[in-house]
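Undergrad: Need coordinates for the following:
(one chain, ligands or ions: 2)
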Amino acid sequence: MPIVRNVSRAVSQLLQSSGCGCGISIVPVRCIGVSPRQVASDASFHSVSFSESDHPRVLITGGLGQLGVGLAKLLRKRFGKNNVILSDIRKPADSVFYSGPFIYADILDYKNLREIVVNNRITWLFHYSALLSAVGEANVPLARAVNITGLHNVLDIAAEHNLRLFVPSTIGAFGPTSPRDPTPDLCIQRPRTIYGVSKVHAELMGEYYHYRYGLDFRCLRYPGIISADSQPGGGTTDYAVQIFHDAIKTGKFQCNLKPDTRLPMMYIDDCLKATLEVMEAPAEALSMRTYNISAMSFTPEELAQEVQKHVPELQVTYNVDKVRQAIADSWPMNFDDRNARRDWGWKHEYDLPELVTTMFSFLGSDSRIAQAN
Ligand SMILES: NC(=O)c1ccc[n+]([C@@H]2O[C@H](COP(=O)([O-])OP(=O)(O)OC[C@H]3O[C@@H](n4cnc5c(N)ncnc54)[C@H](O)[C@@H]3O)[C@@H](O)[C@H]2O)c1
Ligand SMILES: C[C@@H](O)[C@H](N)C(=O)O
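TA: Ligands and ions are numbered 1, 2, ... in the order given. Got it, this is the predicted structure:
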């Protein structure tokens, strides 16, 4: 019994001494083939230390999805082409391959990921790899591996190598028992998808590593993201991208959600701007480590009406996908992002009309507005 008491006293002293990310005494370090263990931290142990006057050296995981290529473009403009490495397990298109550094990185391969971070002296990591809501429900074991085990690898490497780590969360981190209109930053989170469960896990693990080990973890809960030059990867909000392509190609769109399903959405430029802003925000400005961000909220019917201002002949029909509808019905309808606006000055630029105009001008069919009027 005295041993048990001594151990529990030591643990409680450790927990007290490491609150709020200060007084960090240990970081998690893994060796391949050995279970996770902890060693004493030492400033000289870190191969990289990020000086604020330098540009960060950035790695983006899962970078060939809907959001990663755009993020790389934005970060390369800011930090220089060769300071931003895009990675994925898929083969990049020529245009991506020749636009800046690209490497293969499987987030399930801990050793390979660590080598990449060390060899490239990475200081900032944007962890975009994930299986989204609908594809996650179709393959729960894979979603669990990529979204949870992969995150553990990333967290340990980030803590071990003193990285600033961005992990996106989502409106999908909330569930039917959360307040849905609006959904605040802090409330009940009982999502009913493996995607949502894994994102709540990521939020909590990231915040725990922040308080326990001093990891500079930053997380935004994105709404459904709408982009013209990249395809969504199998989510519940994908319809809001598909409608633009179908309006132009065929003039017919079949929506897989009910016409009155209201969800928070955002144009990709706002999403990427927020991501860079929260990463550049001084730590003192962040009263939290996970923030909602919001721009607009609409239903398929409202989006279709706005699209029809540009393509009046567009015919919209509804063929509801039960899985996606059940997911959407459990998600926020409006997102409360007052904390992000107050703490680090978040402000969106695109509302629904600007979003639709921008999508059509990007997709090259703006002239049809004139025909409509
Ligand atoms: N797009 C949205 O509407 C949206 C909304 C909220 C949050 N997010 C989050 O933003 C991030 C990026 O989203 P996205 O839309 O670009 O996703 P996406 O599905 O389009 O792309 C995810 C990428 O992860 C890669 N990947 C899968 N398994 C991997 C592995 N083992 N190792 C490395 N990479 C792997 C895939 O190849 C893919 O390119 C995700 O974490 C997602 O949860 C996206
Ligand atoms: C909302 C978001 O996380 C993603 N677009 C999905 O629908 O799964």
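Undergrad: When you work out contacts or count neighbours from here on, use the C-alpha atoms and nothing else.
TA: Fine.
Undergrad: I'd guessed Asp337 sits against Pro184; true?
TA: Yes. In this structure, Asp337 is within contact of Pro184 by CA atoms under 8 Å, at 7.2 Å.
Undergrad: overlap in contacts of those two?
TA: Asn292 (CA atoms under 8 Å, 6 or more residues apart in numbering).
Undergrad: Can you name the residues that contact Val200?
TA: 169, 173, 189.
Undergrad: Could you give the number of residues near the closest residue in space to the second one that isn't next to it in sequence?
TA: Translated: Ala173. Spatial nearest neighbour of Ala173, chain neighbours left out: Gly196 (4.3 Å); criterion: CA to CA, 6 or more residues apart in numbering. Gly196: 26 surrounding residues under other CA atoms under 10 Å.
Undergrad: Could you pull up the residues touching Thr261?
TA: 298-300, 328-329.
Undergrad: a strand runs through it, doesn't it?
TA: No. With DSSP: H, G, I helix; E, B strand; the rest coil as the criterion, Thr261 is assigned coil and is not in a strand.
Undergrad: do you know how far the nearest residue to Tyr110 once chain neighbours are set aside is from Asp106?
TA: Take Tyr110 and drop its neighbours on the chain: the residue closest to it by CA to CA, 6+ apart is Asn153, 5.7 Å away. From Asn153 over to Asp106 the distance is 10 Å, taken as CA to CA, to the nearest Å.
Undergrad: and what of Val356?
TA: 35 Å.
Undergrad: Tell me which of those two has more neighbours.
TA: Neighbour count, other CA under 10 Å: between Val356 and Asp106, Val356 has more, with 22 against 19.
Undergrad: quick one: secondary structure of that one?
TA: From three-state DSSP, the assignment for Val356 is helix.
Undergrad: I figured it was touching Gln308, is that so?
TA: No. The pair Val356 / Gln308 is not scored as a contact, 9.9 Å apart, by CA under 8 Å.
Undergrad: could you pull out the strands for the stretch 251-373 of the chain?
TA: 252-255, 263-267, 290-292, 296-298, 315-318 (DSSP state E, counting those that start in this stretch).
Undergrad: Out of those, which gets nearest to ligand 1?
TA: Nearest of the strands of the stretch 251-373 of the chain to ligand 1, taken as CA to the nearest ligand atom: strand 263-267 at 8.0 Å.
Undergrad: Stretch 332-343 near ligand 2 anywhere?
TA: No. Among the residues of stretch 332-343, none lie within reach of ligand 2 under CA under 6 Å from any ligand atom; the closest is 10.0 Å away.
Undergrad: wait, stretch 161-179
TA: Yes. Stretch 161-179 is in contact with ligand 2 by CA under 6 Å from any ligand atom, via 170-172.
Undergrad: now what about stretch 288-296, what contacts it?
TA: 184-185, 203, 207, 217-223, 264-266, 274, 334-337, 339-340, 346, 348-352.
Undergrad: buried ones in the longest helix along the chain?
TA: Looking across the chain with DSSP state H, the single longest helix is helix 194-213. For helix 194-213, burial by neighbour count (16 or more other CA atoms under 10 Å) applies to 194-203, 205-213.
Undergrad: quick one on the thing from earlier: confirm the residue nearest to Tyr110 sits in a strand?
TA: No. If the criterion is three-state DSSP, then Asn153 is helix and not within a strand.
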